[in-house]
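Asker: For reference, the sequence and a predicted model appear below.
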Amino acid sequence: MQGVGFRPFVYGQALRCGLGGFVLNDSAGVTIEIEGAPANLEAFERALREQPPPLARIDRVACEALPPLGEHSFAIAHSQAGTERRTLIAPDSATCDDCLRELLDPTDRRAGYAFTNCTNCGPRFTIVQDVPYDRAQTTMRVFPMCPACAAEYADPLDRRFHAQPNACPVCGPALDFHLHVANIHLLSTDPIH
């Protein structure tokens, strides 16, 4: 399943476990190539199975031994689109507690912003246009991120790391509400008593 913050989660776990390699979305799901000490690989796999992101659902983990490449750093690689599309996109998710706090905090830069979201909440299915699930494949592609949102998106320690719908009032979609009230005069044919 894509759109649940799984790549950022994998990235964080790989850093914590001192592993090298990469993770990427593809048309079939998520691919991870990872290498390191056996105990660290076991800790990584355990975290993958036991502590996935809140919206993640892991249907299957298939492991294959590959010759080590001597990788010491870990990266989120560019997604790879294929001709066969078998992956699921997560449904939209209600605003999480962290985003609600920001939304209701008058001092926060997202105060009152209707489209506040992070990797744990927000739109997925309603904005995706194709897989793999990357911003360029969503309706958000027409909203370039401002420097503050781009910094969150690029920061592995931020909960908006690789959050595809990331936006704020400066760079994201806007919502306007207009209430038009018409003067209504009621006429009665009955005499007023």
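Answerer: Looks like it came in fine. Residues are numbered from 1 along each chain as shown.

Asker: so for the top helix by length along the chain, what's the average pLDDT?
Answerer: If you go by DSSP state H, the chain has its longest helix at helix 38-50. In this model, helix 38-50 has a mean pLDDT of 92.

Asker: Let me know the next secondary structure element after it.
Answerer: As assigned by DSSP states H and E, the chain's next helix or strand after helix 38-50 is strand 74-76.

Asker: What segments of the chain are strands?
Answerer: With DSSP state E, the ranges of strands along the chain come out as 20-26, 29-35, 74-76.

Asker: From what I see, residue 162 and residue 8 are in contact.
Answerer: Yes: if you go by CB atoms under 8 Å, residue 162 and residue 8 touch, sitting 4.8 Å apart. (Each C-beta comes from the backbone N, C-alpha and C, glycine too.)

Asker: What are the structural domain limits within the chain?
Answerer: 6-76, 90-192 (the TED database).

Asker: buried stuff in the longest helix of the chain?
Answerer: For helix 38-50, the neighbour count (16 or more other CB atoms under 10 Å) marks 40, 43, 44, 45, 47, 48 as buried.

Asker: list the contacts for residue 5?
Answerer: 53, 55, 56, 118, 119, 120, 159, 161, 162, 163 (CB atoms under 8 Å, 6 or more residues apart in numbering).

Asker: a markdown table for these, including neighbour count, pLDDT and distance to residue 18?
Answerer: What follows is the contacts of residue 5, written out as a markdown table (neighbours: other CB atoms under 10 Å; pLDDT from 0 to 100; distance: CB to CB, whole Å):
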| residue | neighbour count | pLDDT | distance to residue 18 |
| --- | --- | --- | --- |
| 53 | 18 | 81 | 21 |
| 55 | 19 | 75 | 27 |
| 56 | 18 | 78 | 23 |
| 118 | 21 | 94 | 26 |
| 119 | 27 | 88 | 23 |
| 120 | 19 | 88 | 26 |
| 159 | 18 | 90 | 23 |
| 161 | 21 | 87 | 19 |
| 162 | 22 | 86 | 21 |
| 163 | 23 | 91 | 25 |
